[in-house]
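In: give me the fold of what follows.
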Amino acid sequence: MPTPAKKWKTHPAYFVMLELLQKKNSMNDQDLLEAMNEEFGEISQKEFNKLLMRLEISGKIRTTSMVRGKRQIELVV
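Out: Numbers count the residues shown, from 1 in each chain. Alright, predicted model coming up:
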């Protein structure tokens, strides 16, 4: 029996990231990456950082450094 093909996502990754942040309003980067991996399979750290940068430059989110290597991501309302 052939394995089922992966389903195409109808929403882009940055849109799903905004939806996840809308539910909680703020998350740390590890929790957000895990939630994104549940939605999209494996997302690399590089791709995750590109998504964060895109949303931060457009003014949708704000990232704040916490302890070394951790960030807090907030949805800007």
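
In: which stretches of this structure have low pLDDT?
Out: The chain contains residues with pLDDT under 70 at 1-9.

In: go with 80
Out: Along the chain, segments meeting pLDDT under 80 span 1-11, 77.

In: now do the contacts for residue 17.
Out: Neighbour list for residue 17: 32, 36, 51, 52, 55 [criterion: Cβ atoms under 8 Å, 6 or more residues apart in numbering]. Where C-beta positions appear, they are placed from N, C-alpha and C, glycine not excepted.

In: now with 10 Å, please.
Out: The contact partners of residue 17, by Cβ atoms under 10 Å, 6 or more residues apart in numbering, come to 11, 27, 32-33, 35-36, 39-40, 43, 48, 51-52, 54-55, 60-61, 73, 75.

In: next step: those restricted to strands.
Out: Within these, residues falling in strands by DSSP state E are 27, 61, 73, 75.

In: SS state for the most centrally placed residue in the chain?
Out: Centroid-nearest residue in the chain, with Cα atoms, centre = their mean: residue 17, separated by 4.0 Å. Of the three states, residue 17 takes helix according to DSSP: H, G, I helix; E, B strand; the rest coil.

In: quick revisit: export the ones in strands among the contacts of residue 17 to TSV and tack on neighbour count and distance to residue 21?
Out: Output for those, formatted as TSV (neighbours: other Cβ atoms under 10 Å; distance: Cβ to Cβ, whole Å):
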residue	neighbour count	distance to residue 21
27	20	6
61	22	7
73	22	7
75	18	4
